[in-house]
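Chemist: Pasting a predicted model and its sequence here:
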Amino acid sequence: MAEPKVCEDLLRERRKCTFDVTELTNLIDGGAQGTEERHYVENLVLNTEGLSTKNEVPEEYLSHKERYEYAVKKACILYEVLKEYAAKHNTMDAFKPTNKYRVTFGVVKDISPFMLHMGMFVPTILNQSDPEQMAEWLPQAMSMGILGTYAQTELGHGTFLRGLETTATYDPATEEFVLHTPTLTAYKWWPGGLAHTANHCIVVAQLYSKGVCYGVHPFFVQIRDTETHMPLPGVKVGEIGPKMGFQTANNGFLGFDHYRIPRRSMLMKNAQILKDGTYVKSKNDKLTYGTMVFVRVLIVTDVAYELSRAATIAVRYSAVRHQSQPKPGQPEPQILDYVTQQHKLFIGVATSHVFRVTGCWLWDSYSQVIADVGKGNMDQLPELHALACCLKAVCSRDATARVEEFRLACGGHGFMASSNLPIINGIVAATITYEGEYTVLMLQTARFLVKAWKQATLGNAMTPTVSYLVRFVNNDRVRWENRPEGIVSGFLAIAAGKTKAACESLQEYERSGMDYEDAWNSASVQLVNASEAHCRAILCEVSWRELSRLAAQSSPSLGKVLLQMGELYLIYWALEKRGDLLLYSTITGADIAKLQARYEVLLGLLRPNAVGLVDAFDIRDEILNSTLGAYDGRVYERLMEEALKSPLNAEPVNQSFHKYLKPLMMKAKL
Ligand SMILES: CC/C=C\C/C=C\C/C=C\C/C=C\C/C=C\C/C=C\CC/C=C/C(=O)SCCNC(=O)CCNC(=O)[C@H](O)C(C)(C)COP(=O)(O)OP(=O)(O)OC[C@H]1O[C@@H](n2cnc3c(N)ncnc32)[C@H](O)[C@@H]1OP(=O)(O)O
Ligand SMILES: Cc1cc2nc3c(=O)[nH]c(=O)nc-3n(C[C@H](O)[C@H](O)[C@H](O)COP(=O)(O)OP(=O)(O)OC[C@H]3O[C@@H](n4cnc5c(N)ncnc54)[C@H](O)[C@@H]3O)c2cc1C
């Protein structure tokens with residue numbers, strides 16, 4: 001059968017595009033070879049028997065239990081396919097922030113029950129086990145001979161890791177640890193895949209030896225029999241129930257009743273317990289938190305990708321949707337022509353690029369610091385932690401706001417499950433909380449900023465990401481320049497000004513007699529604001545630098561568009577933060593009017609390329625999973641086709657009519 005035709009609106013939009021869409025796709029994939037490899041993986045996966053979702057009942061109609069079973073079945077077939085592929089290539093590729101493995105969304109719309117296996121279980125083994133442990137566990141984990149997750153959070157404690165209650169008490173007589181859950185609040189709660197998928201997990205527990213508590217440490221723990229999958233004696237495990245999203249992630253709870261594991265189950269790359277119970281300290285006890293730093297770094301490119309999916313849906317839909325009649329007698333225009341609609345959409349497209357390039361920069365910084373840590377140099381760990389915390393926090397929160405804006409931009413149809421915007425919304429919203437909650441992570445960065453400000457005022461040497469503070473110690477109003485570099489300077493001035501103000505408040509509260517912790521709490525709204533400003537300045541500075549670099553390497557037509565997106569992001573935020581700029585720079589009302597005018601010009605310049613820009617994200621229909629965003633733009637046909645799949649439409653009259661509605665109506669007639 002011939003493929004259905006692409007709708008006229010999208011054909012016209014594609015003809016308007018001023019740059020080579022493939023060139024941008026290649027840039028996003030890190031080169032033409034990256035695109036080729038991604039296409040290869042996508043074809044491999046989506047052409048595999050049992051993986052295509054084409055003729056299946058949409059996941060949303062399945063019961064909670066069926067949906068989980070469906071996701072497990074698909075994840076297993078998918079793993080086999082990816083394993084074969086990985087065997088021929090570099091397996092570590094799976095951990096790089098590329099789009100190659102996002103093909104999983106073409107197989108299960110929501111989160112895979114294996115996500116924590118590859119995302120945290122394997123990385124923790126890689127980063128925290130000693131060579132002997134790695135040799136034993138890694139091959140089993142990589143081949144799925146064992147299925148794992150990362151069990152840290154408890155019912156009563158998620159943020160405060162030092163407060164975790166699960167205990168691992170060393171017994172030198174048997175050379176074992178005794179894992180125990182002393183209270184209800186000590187139950188592990190949340191880990192993905194823990195409920196009915198994993199048979200092993202990394203358990204983070206308070207280590208006790210010779211009566212001394214040495215704080216939280218990771219342990220490699222088997223929780224289910226590998227043959228029968230029954231929970232092992234002393235293990236209580238189950239599922240936590242339905243959530244706002246993450247329906248197929250299989251989040252679970254876990255408790256131990258004096259459950260014994262061998263001494264060598266403690267991950268011993270950093271700290272160790274010797275046979276006699278002697279504790280050998282890690283060079284840096286924060287290395288235990290290493291997997292979280294890794295995931296926080298990945299979240300930045302992850303949310304950039306989710307934004308690109310939501311953008312593709314909303315922009316294509318806006319090109320197809322016609323509404324209202326601003327000029328009497330004229331046809332209804334595409335909603336994409338309304339400048340308010342462009343304002344909703346284009347910042348989201350630009351933000352996806354900003355987060356992707358900043359995320360790649362963060363990944364490179366992470367790789368560098370971790371290589372140094374491997375050589376025993378921990379100097380840059382605090383800066384990396386501060387950077388990963390604020391970027392994870394701000395990017396996850398901004399991305400969620402942008403996805404919601406994309407949903408609103410699709411009007412009523414954006415509320416349909418078949419648009420896929422609700423699932424994307426759930427996936428992105430969760431990132432604000434997991435791997436460190438927004439405010440908590442912002443306050444971690446604030447700790448670093450407060451120390452950095454002190455160093456700056458003392459005239460001491462500064463680490464790279466905070467060296468800008470020095471410029472503002474004695475002069476907090478920067479001279480305004482109406483160009484991208486001037487906006488970046490403005491944001492650096494805001495960050496320095498807010499850091500200074502927060503530090504002064506902190507001191508003021510202390511001077512008033514408060515102890516440091518209470519003063520910190522009192523100043524914490526300002527401290528979070530300072531972190532947000534610092535992060536925004538980094539996003540502006542890094543993305544403008546990276547997009548300019550990429551533009552210089554691209555064809556002139558693409559280069560122009562990359563710079564337009566970079567500039568749009570800068571101006572959007574300059575306008576959002578105009579009050580701060582008035583405080584911390586010499587910007588005037590006239591300058592702000594010029595920024596507003598330039599913003600509107602940029603919307604106009606980007607308008608002809610709107611569809612080309614989202615086409616360049618190159619997200620296949622099977623991965624997009626959206627009635628509104630498909631490449632051919634057959635929005636109304638798809639909405640109707642999907643509606644007809646509702647099981648309620650399988651019969652003209654539902655039994656509830658006879659059972660309830662008719663009796664109700666009969667009563668009214670009496
Ligand atoms: C073959 C291949 C086939 C297929 C492959 C296919 C696909 C898969 C591919 C790839 C997958 C890759 C990625 C997947 C991505 C994601 C994973 C998926 C989902 C994740 C789901 C969610 C998981 C979780 O949520 S896990 C639980 C996370 N929990 C938290 O984040 C808790 C937050 N709390 C904390 O981190 C801390 O307690 C704290 C709040 C930060 C600190 O509190 P506190 O001050 O009380 O702490 P301390 O006293 O201990 O520390 C103070 C001191 O330490 C410094 N510090 C703190 N943390 C760190 C750190 N991490 N690093 C360095 N330093 C740290 C802190 O700054 C203080 O220093 P100062 O005293 O000097 O200020
Ligand atoms: C979808 C999802 C998947 C998850 N997957 C996993 C997993 O696989 N493994 C795992 O171990 N965990 C997992 N988690 C748990 C997750 O890591 C925690 O929920 C997260 O770290 C937040 O901790 P919390 O729930 O204790 O929040 P809380 O810390 O209780 O936060 C509640 C509120 O208190 C505020 N607050 C807390 N402390 C402070 C403070 N010091 N200063 C100011 N305000 C504060 C917060 O800002 C927030 O507003 C998952 C969570 C979700 C939602």
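Modeler: Right, received. Where do you want to start? Ligands and ions are numbered 1, 2, ... in the order given.
Chemist: ok, which residues in the stretch 51-200 of the chain are in contact with ligand 1?
Modeler: 82-83, 86, 91, 94-95, 101, 115-116, 118-120, 150, 152-153, 158-162, 192 (CB under 6 Å from any ligand atom). The C-beta positions use only the backbone N, C-alpha and C, and glycine is treated the same way.
Chemist: Show the buried residues in those.
Modeler: Neighbour counting over those (16 or more other CB atoms under 10 Å) leaves 82, 86, 94-95, 101, 115-116, 118-120, 150, 152-153, 158, 161, 192 as the buried ones.
Chemist: Lowest-confidence entry in those?
Modeler: For those, the weakest pLDDT value sits at Ala94, with 67.
Chemist: contact partners of stretch 314-331?
Modeler: Residues outside stretch 314-331 that contact it (CB atoms under 8 Å, 6 or more residues apart in numbering): 7, 9-10, 13, 332-336, 341, 344-345, 348-349, 406-407, 409-411, 413-414, 419, 421, 610-611, 613-614, 628-631, 633, 635.
Chemist: So what touches stretch 594-604?
Modeler: Contacts with stretch 594-604, where a contact means CB under 8 Å, 6+ apart, come from 339, 342-343, 346, 482, 564, 567-568, 571-572, 574-575, 578.
Chemist: Asn529 is in contact with Lys500, isn't it?
Modeler: No - Asn529 is not in contact with Lys500 according to CB atoms under 8 Å; the separation is 11.9 Å.
Chemist: Tell me the residues of the chain that contact ligand 1?
Modeler: So the chain meets ligand 1 at 82-83, 86, 91, 94-95, 101, 115-116, 118-120, 150, 152-153, 158-162, 192, 286, 289, 292-293, 295, 298, 381-382, 385, 434-436, 440, 444, 447 (CB under 6 Å from any ligand atom).
Chemist: where along the stretch 1-150 of the chain do the helices fall?
Modeler: For the stretch 1-150 of the chain, helices defined by DSSP state H, counting those that start in this stretch occupy the ranges 8-16, 21-28, 32-46, 64-88, 115-116, 122-128, 131-142.
Chemist: for the third one, which positions count as buried?
Modeler: Yep, that's helix 32-46 we're talking about. Neighbour counts over helix 32-46 (16+ other CB under 10 Å) mark Gly34, Thr35, Glu37, Arg38, Val41, Glu42, Val45, Leu46 as buried.
Chemist: Thr228: neighbouring residues, count only.
Modeler: Neighbourhood size, Thr228 [other CB atoms under 10 Å]: 8.
Chemist: Look up the pLDDT of it for me, please.
Modeler: As predicted, Thr228 sits at a pLDDT of 98.
Chemist: How much space separates it from ligand 1?
Modeler: According to CB to the nearest ligand atom, to the nearest Å, Thr228 stands 26 Å off from ligand 1.
Chemist: Next: Val320.
Modeler: Applying CB to the nearest ligand atom, the value for Val320 to ligand 1 is 33 Å.
Chemist: likewise Glu36?
Modeler: Per CB to the nearest ligand atom, Glu36 is found 19 Å from ligand 1.
Chemist: how big is the angle separating the host helix or strand of Val216 from helix 131-142?
Modeler: Assigned by DSSP states H and E, Val216 belongs to strand 212-222. Taking axes from the mean of the first three to the mean of the last three CA atoms, to 10 degrees, strand 212-222 and helix 131-142 form an angle of 40 degrees between their directions.
Chemist: in strand 212-222, what's buried?
Modeler: Residues of strand 212-222 classed as buried: Tyr214, Val216, His217, Pro218, Phe219, Phe220, Val221, Gln222 (neighbour count, 16+ other CB under 10 Å).
Chemist: Identify the residues contacting the residue nearest to Val221 when sequence neighbours are not counted.
Modeler: What sits nearest to Val221 in space, not counting adjacent residues and going by CB to CB, 6 or more residues apart in numbering, is Val203, at 4.7 Å. For Val203, the contact set (CB under 8 Å, 6+ apart) comprises Ala151, Gln152, Thr166, Ala168, Leu179, Lys188, Pro218, Phe219, Val221, Leu254.
Chemist: please redo it, this time with the cut-off set to 6 Å
Modeler: The contact partners of Val203, by CB atoms under 6 Å, 6 or more residues apart in numbering, come to Ala151, Phe219, Val221.
Chemist: Which member of the residues you listed is positioned nearest Val473?
Modeler: Ala151 (45.4 Å; CB to CB).
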